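> Have a look; sequence and predicted model below, questions after that.
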Amino acid sequence: MSFIAKNKPQILSIFGLKYIRLILDEINPQETKSLKKDYDYIVIYAYKKPDINDFDIKEQIISIIDLSQNPDEIFKKFKKNTRNEIRKTDSIKNLEFKIPDNNFNKSYRFYKKIKKQDGVIPDIKKEFSGCLFFNASLNNKIIASVSVYDTGQILRLKHIVSSRKEKNFDSRIAGYATRKIIWEIIKYGNNHKYKKLDMAGVNLTDPSKKGITEFKQSFGGEIIANYICRYKTKKFNFFQKIINFFGMNIN
C-alpha cells in the first residue's frame with residue numbers, strides 16, 4: 001500500500017498479532033479497510049477528521065511547530081522565560097546533549113525508571129521501535145529525555161521524562177535541559193527537512209495537566225485539532241489486558 005510506505009509507519013507485533021501506528025494528514029475509508037485486513041490493532045493520528053467506521057475516534061487539541069521556518073524565527077516565538085532557560089543551559093557545567101541519542105537501551109531504561117517513580121505504567125519496549133530519543137546528561141547521567149515518533153516528514157512527541165522529582169537534585173536543571181532538548185529537536189528537524197514537530201496533546205481544560213500544557217505552549221506552536229483513531233480485534237484487546245495486568249502498556 002503506497003500510502004503506508006509514504007508515511008513511514010511504525011509496524012510491530014506481539015504474541016503473533018500485528019499492529020501499526022500511522023501519523024498522516026488524512027486517511028480514507030478504503031485505506032482503513034485495507035489496514036483491517038492485515039492488522040489486529042491500528043492507531044492513526046490524522047490532522048483532518050476522517051470519515052471512517054469501526055474506529056474509536058477521539059479529538060485531541062495539539063500544538064504544531066512548522067519546521068520549514070527559519071530556526072531564529074521559531075525561537076523568537078518562544079516565551080521569554082523559555083528562551084532564557086534554554087540559554088542558561090550553556091553555563092551548566094558537565095551538561096551534555098545527544099541529539100539524537102543512539103543508545104536505545106539506556107534511553108528506554110531511563111524512561112521506564114521515571115515512569116515507575118511517577119506511578120505510571122510504562123509502555124513496552126517495542127512501542128519505541130523506530131522512535132528517536134533526544135537526551136540531556138549531567139555528569140554522564142541522563143536527567144531528561146524526549147522520545148519522538150519519526151515518519152520521515154513529521155516528528156511527534158511520544159514521552160517527556162526527567163529527574164525533576166529525584167531527591168537531592170535541582171529540579172530547575174531538569175526543566176532547563178528539557179526545554180533545551182525541544183529546541184534541539186526543532187533544529188534537528190529543520191536541518192533534516194522535516195515538515196513539522198507535533199508537540200502532541202495540550203489539554204486546555206484539565207487543571208491536572210496545566211504544567212505540561214504550559215510547557216508545550218511556551219514554544220509558540222499553532223493550536224489545532226488532531227484525531228486519534230483506534231481499531232482493535234477482540235484477540236488483541238485480550239492480550240493488551242494481560243500486558244496491563246503485568247504492569248506494562250501498549251499505547
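Done, it's in. Residues are numbered from 1 along each chain as shown.
> Next up, phi/psi of residue 235, please.
Per-residue torsions, residue 235: phi -60, psi -40 (degrees, to the nearest 10).
> and it, how far is that from residue 43?
The gap separating residue 235 from residue 43 is 16 Å, by C-beta to C-beta, to the nearest Å. To be clear about C-beta, it is placed using only N, CA and C from the backbone, and glycine gets the same treatment.
> Compare neighbour counts for the two and give me the winner.
residue 43 (20 against 13; other C-beta atoms under 10 Å).
> So for the strand or helix carrying that one, what gets flagged as buried?
Using DSSP states H and E, residue 43 sits within strand 41-46. Within strand 41-46, the residues that count as buried by 16 or more other C-beta atoms under 10 Å are 41, 42, 43, 44, 45, 46.
> Now render those as TSV, adding distance to residue 154 and pLDDT.
Output for the buried residues of strand 41-46, formatted as TSV (distance: C-beta to C-beta, whole Å; pLDDT from 0 to 100):
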residue	distance to residue 154	pLDDT
41	21	98
42	18	97
43	15	97
44	13	97
45	9	97
46	12	96
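> out of those, which one sits closest to residue 160?
Nearest to residue 160 among those, counting by C-beta to C-beta, is residue 45 at 17.1 Å.
> which residues in this protein form strands?
10-14, 17-24, 41-46, 56-66, 95-98, 132-138, 141-150, 154-162, 196-201, 222-232 (DSSP state E).
> Of these, which is nearest residue 109?
Of all the strands of the chain, strand 141-150 comes closest under C-beta to C-beta, at 8.8 Å.
> Where does pLDDT dip in this protein?
Under the criterion pLDDT under 70, the flagged ranges of the chain are 1-3, 5.
> re the thing from before, what would the strands of the chain look like in TSV with distance to residue 32?
Shown next, in TSV, are the strands of the chain (distance: least, C-beta to C-beta, whole Å):
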stretch	distance to residue 32
strand 10-14	16
strand 17-24	10
strand 41-46	7
strand 56-66	11
strand 95-98	37
strand 132-138	27
strand 141-150	19
strand 154-162	19
strand 196-201	21
strand 222-232	7
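> among those, which is nearest residue 126?
Residue 126 lies closest to strand 10-14 among the strands of the chain, at 5.2 Å (C-beta to C-beta).
> when you compare where the strand holding residue 43 runs with where strand 10-14 runs, what's the angle?
Interaxial angle of strand 41-46 relative to strand 10-14 (axes from the mean of the first three to the mean of the last three C-alpha atoms, to 10 degrees): 160 degrees.
> So which other helices or strands are in contact with strand 41-46?
Strand 41-46 is packed against strand 17-24, helix 29-38, strand 222-232, with contacts defined by 3 or more C-beta pairs under 8 Å, 6 or more residues apart in numbering; DSSP states H and E.
> one more time with 7 Å
If contacts are counted by 3 or more C-beta pairs under 7 Å, 6 or more residues apart in numbering; DSSP states H and E, strand 41-46 sits against strand 17-24, strand 222-232.
> Out of these, the one nearest residue 150 is which?
Closest to residue 150 of those, according to C-beta to C-beta: strand 17-24, at 9.2 Å.
> Adjacent strands (with direction) for that closest one?
Under the criterion DSSP bridges, strand 17-24 sits next to strand 10-14 (antiparallel), strand 41-46 (parallel) in its sheet.
> Any chance of JSON lines for the ones you listed, columns distance to residue 222?
As requested, the strands paired with strand 17-24 are arranged in JSON lines below (distance: least, C-beta to C-beta, whole Å):
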{"stretch": "strand 10-14", "distance to residue 222": "25"}
{"stretch": "strand 41-46", "distance to residue 222": "16"}
